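Q: build me a model from this:
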Amino acid sequence: MSHSHQITFLRSLSAEEQHQLEELCRPLGEAELQPLHASPELHRLRLELGATEGAQEQAERRQLLERLLPWARGRSLPFYYPSSEAVRPLRRVAFDLDGTLIRDELMVLLARQRGCGEEMQQLTEAAMCGARPFRESFVARSQLLLGLSEAELLRPLAQLSFAPDAAALIAQLQGRGLELCLITGAYEPLAAALGAQLSLPLGCASAVRMEGGRLAGLFEEAIVDAEAKARYLEAWAGCELGATLALGDGANDIHMLSTAGHALHYSCIAPSAPSLIHLLELLQRLTHIL
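A: Below you'll find the model as predicted:
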């Protein structure tokens, strides 16, 4: 028995984008793109695949996200992708950090202090688009930053900008009684400080090794890659996984997004990125997610 995967795109699609989507998904199964009855300017993609539920469905969601997410990320195109086990209302929300809650890539900001920001930007973008495995890329990128002092590691905190309405959204969700957490591959000292700024509890981040007050490397077993993100989400959400929303923007988030009952791809890097509160209000109108 087949299962219909349904992905709702949260901005209007051009005719060219509609064609690209159909071509992108055709190798996976029978795809149909239709305007929403409630909001005709938006579109929903229906893809018939073989799975019914459980691990097989999750594998199919991951396969579809691997195709779709790099394409959507390059167009700053948010989309919502629930599983067949998604339940409402939401009880928990998990956030990625770089590109999702902040407009900057932290490792690029760190690299600019070393004069290698452009090289880091290229390496980071390759990892976020899935062109290079995250763990391999993360180790290589960290080599460029060896020797940074503690003060230099925290300096990006004064330089970065947040996604539109990020703090307001977090406050609104907490006011509704939802459990929130930050799940990121970023360096733990930076992630903890940013989580504190946003009043967002830190779930997990990548530990760093300091020697003599300077960055000496990583604890490779503690790198938070795609698999580690998904494992943490499962442990944190427990029996409420179907009522959990995960937000992410890059290839390192695909496992987490395919594991959550509700997945929202959102990238805030482009200047035209929509407000997070606007997206939540739109989702509430379309799906009554809260």
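Q: give me phi/psi at Phe95?
A: Dihedral angles of Phe95 (phi, psi; degrees, to the nearest 10) stand at phi -110, psi 140.
Q: let me redo that: Cys204
A: phi -150, psi 150.
Q: tell me the contacts of the closest residue to it other than its chain neighbours?
A: Setting aside the residues directly before and after it, Cys204 is nearest to Tyr232 in space (CB to CB, 6 or more residues apart in numbering), at 4.7 Å. Every C-beta, even on glycine, is put in place using the N, C-alpha and C of the backbone. Contacts for Tyr232 (CB atoms under 8 Å, 6 or more residues apart in numbering) come out as Ile183, Gly203, Cys204, Val224.
Q: same check, this time on Gln121
A: With CB under 8 Å, 6+ apart, Gln121 has these contacts: Glu105, Val108, Ala111.
Q: if we go to 10 Å?
A: Glu105, Met107, Val108, Ala111, Arg112 (CB atoms under 10 Å, 6 or more residues apart in numbering).
Q: then Val87?
A: With CB under 10 Å, 6+ apart, Val87 has these contacts: Glu240, Leu241, Gly242, Ala243, Thr244, Gly261, His262.
Q: tell me the spacing between the fourth one and Pro89.
A: Relative to Pro89, Ala243 is positioned 7 Å away (CB to CB, to the nearest Å).
Q: restricting to C-alpha, output the strand or helix carrying the residue nearest to Cys204 in PDB.
A: Taking DSSP states H and E as the definition, one finds Tyr232 inside helix 226-237. C-alpha atoms of helix 226-237 as PDB (Å, rounded to 0.1, in the frame of the first residue of the first chain):
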ATOM      1  CA  ALA A 226      23.200  14.700  10.900                       C
ATOM      2  CA  GLU A 227      22.900  11.400  12.700                       C
ATOM      3  CA  ALA A 228      23.600  12.900  16.100                       C
ATOM      4  CA  LYS A 229      21.000  15.500  15.600                       C
ATOM      5  CA  ALA A 230      18.300  12.900  14.800                       C
ATOM      6  CA  ARG A 231      19.400  10.800  17.800                       C
ATOM      7  CA  TYR A 232      19.100  13.700  20.100                       C
ATOM      8  CA  LEU A 233      15.700  14.700  18.700                       C
ATOM      9  CA  GLU A 234      14.400  11.200  19.300                       C
ATOM     10  CA  ALA A 235      15.700  11.000  22.800                       C
ATOM     11  CA  TRP A 236      14.400  14.500  23.700                       C
ATOM     12  CA  ALA A 237      10.900  14.100  22.100                       C
END
